[in-house]
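Q: model the structure of this input:
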Amino acid sequence: MRMRWLSLLVALLLAVTLGPAPGRATSGPADRPRTSAPPTPVLVAVRAAHRDGVDRVVFEFRGGLPESRRVGYVRRLFADGSGRRVRVAGRALLRVRFEPAQAHTDDGSPTAAPRRVAYALPNVMTAVRAGDFEAVTTYGLGLARRTPVRVTTLQAPPRVVVEVGAGFATVRRKVWFLDRDRFADGWEPYFVPVRRPVVPGAPATGLMDRLFAGPLPGERARGLRLLRSGATGYDDLTVAGGVADLRLTGRCRSGGATVSIAGEVLPTLKQLPTVDRVVLRDAAGSTLDPDGPGDSTPACLEP
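A: Below you'll find the model as predicted:
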């Protein structure tokens, strides 16, 4: 009996030392083939166009489509990560959120997808990126009106198309921007007009929204800029008795310059037949001469 137990013990030790017999395959968790995570789709372009009563904003990706594509109206837009409010010009705000997705390459370099871009479409006036954080990419679309929205996808290349209703009438009005090159050369006028579609029912509001949406990419290439003078937007706009009265939001400063946002706001509003003079106020509501015969601007915009 003792010899039998010794034989079993020797056989067990040999099995542990030598491992499985040749010709027999074994597999375990470490031997199973590893599957790599799919690449995160990269946003490479944002384009927009109008056709058949619809404004279409196209988000183009490299590496496939994001699994989650959430689009909906919101009252405010906040930056992913920091939680700061992101200002977007317009009467309605559409949030577009992709996950997983990123607007940068793996080495951290930004792609050609714009952070902020303006459009001269009937409804969609701007697209503003609110986040590129932890595989979530978010944009806000500033609209002239809240209308029905439809989302579709296309392949080759992968694209997400956001269709916004725009089957309403508009009129073309002028919006003034600073011509950076003319100002640098001392060649007046420093502010030059471009045309934008505006909803006729509230032209003053539409013009200010288009102003704060900024120049189009082609206009920026020609040197046009929105001179904000620290302002993030406007509020409390009224037009009555030939006077357009509005308040700037955010900061207000001239920086010692001889030009300011007033050079854009005043001619943009005074082109309207219902506006003879403009009263422009700072965020606190102050202005130099609100009851005078001419235009009034706040002291913070003085050189």
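Q: all contacts plus neighbour counts: C-alpha atoms, from now on.
A: Noted.
Q: would you map the helices across the stretch 151-300 of the chain?
A: Along the stretch 151-300 of the chain, counting by DSSP state H, counting those that start in this stretch, helices occupy 180-185, 203-213, 217-221, 262-270.
Q: Ala244 bridge partners, please.
A: According to DSSP bridges, Val239, Val278 are recorded as the beta-bridge partners of Ala244.
Q: can you give me the distance of it to Cys300?
A: Counting by Cα to Cα, to the nearest Å, the separation of Ala244 from Cys300 is 19 Å.
Q: ok, the two, which is more surrounded?
A: Set side by side, Ala244 and Cys300 show more neighbours around Ala244, with 22 against 19, by other Cα atoms under 10 Å.
Q: correct me, but that one touches Thr238?
A: Yes - checked against Cα atoms under 8 Å, the pair Ala244 and Thr238 is within contact range at 5.7 Å.
Q: any common contacting residues for those two?
A: Taking Cα atoms under 8 Å, 6 or more residues apart in numbering as the criterion, Ala244 and Thr238 do not both touch any residue.
Q: I'd like the next helix or strand past the helix or strand of the chain with the lowest mean pLDDT.
A: Every helix and strand of the chain was ranked by mean pLDDT, DSSP states H and E. The lowest is helix 2-18, at a mean of 43. Heading C-terminal from helix 2-18, the first helix or strand you meet, by DSSP states H and E, is strand 42-51.
Q: just list what that following strand packs against, helices and strands only.
A: strand 54-62 (3 or more Cα pairs under 8 Å, 6 or more residues apart in numbering; DSSP states H and E).
Q: identify the residues contacting the strand it packs on?
A: When contacts are defined by Cα under 8 Å, 6+ apart, strand 54-62 is touched by residues 41-50, 121-124, 157-167.
Q: at 7 Å instead, please
A: Outside strand 54-62, the residues within contact range by Cα atoms under 7 Å, 6 or more residues apart in numbering are 41-50, 121, 123-124, 158-167.
Q: same question for stretch 164-183.
A: For stretch 164-183, with Cα under 7 Å, 6+ apart as the criterion, the contacting residues are 53-56, 122-123, 147-150, 188, 190-200, 207, 211, 223-227, 264, 267-268.
Q: at 6 Å what do you get?
A: Contacts of stretch 164-183 with the rest of the structure, by Cα atoms under 6 Å, 6 or more residues apart in numbering, involve 53-55, 123, 147-149, 190-200, 223-226, 264, 268.
Q: quick check: end-to-end length of it?
A: In terms of Cα to Cα, the two terminal residues of stretch 164-183 are separated by 38 Å.
Q: can you give me the buried ones in it?
A: Within stretch 164-183, the residues that count as buried by 16 or more other Cα atoms under 10 Å are 164-166, 170, 172-180, 182.
Q: and these, which two are the farthest apart?
A: With distances taken as Cα to Cα, the most widely separated pair in the buried residues of stretch 164-183 is Gly165 and Arg182, at 38.1 Å.
Q: let me know the pLDDT of Leu143.
A: pLDDT recorded at Leu143 is 98.
Q: one more: the one 5 residues further on?
A: Per-residue confidence (pLDDT) for Pro148: 98.
Q: for the residue nearest to it when sequence neighbours are not counted, name its beta-bridge partners.
A: Distance criterion Cα to Cα, 6 or more residues apart in numbering; nearest residue to Pro148, sequence neighbours excluded, is Gly165 at 5.6 Å. When bridges are assigned using DSSP bridges, the partners listed for Gly165 are Val54.
Q: again with Gln102
A: Beta bridges link Gln102 to Val42, judged by DSSP bridges.
Q: domain assignment for the protein?
A: When the chain is parsed into structural domains using automatic domain parsing, the resulting residue ranges are 42-165, 171-301.
Q: check the offset of the shortest one from the chain's centre.
A: Distance of domain 42-165 from the chain centroid (Cα atoms, centre = their mean, to the nearest Å) equals 7 Å.
Q: report the central residue of this structure.
A: The residue lying closest to the centre of the chain (Cα atoms, centre = their mean) is Val128, at 0.8 Å.
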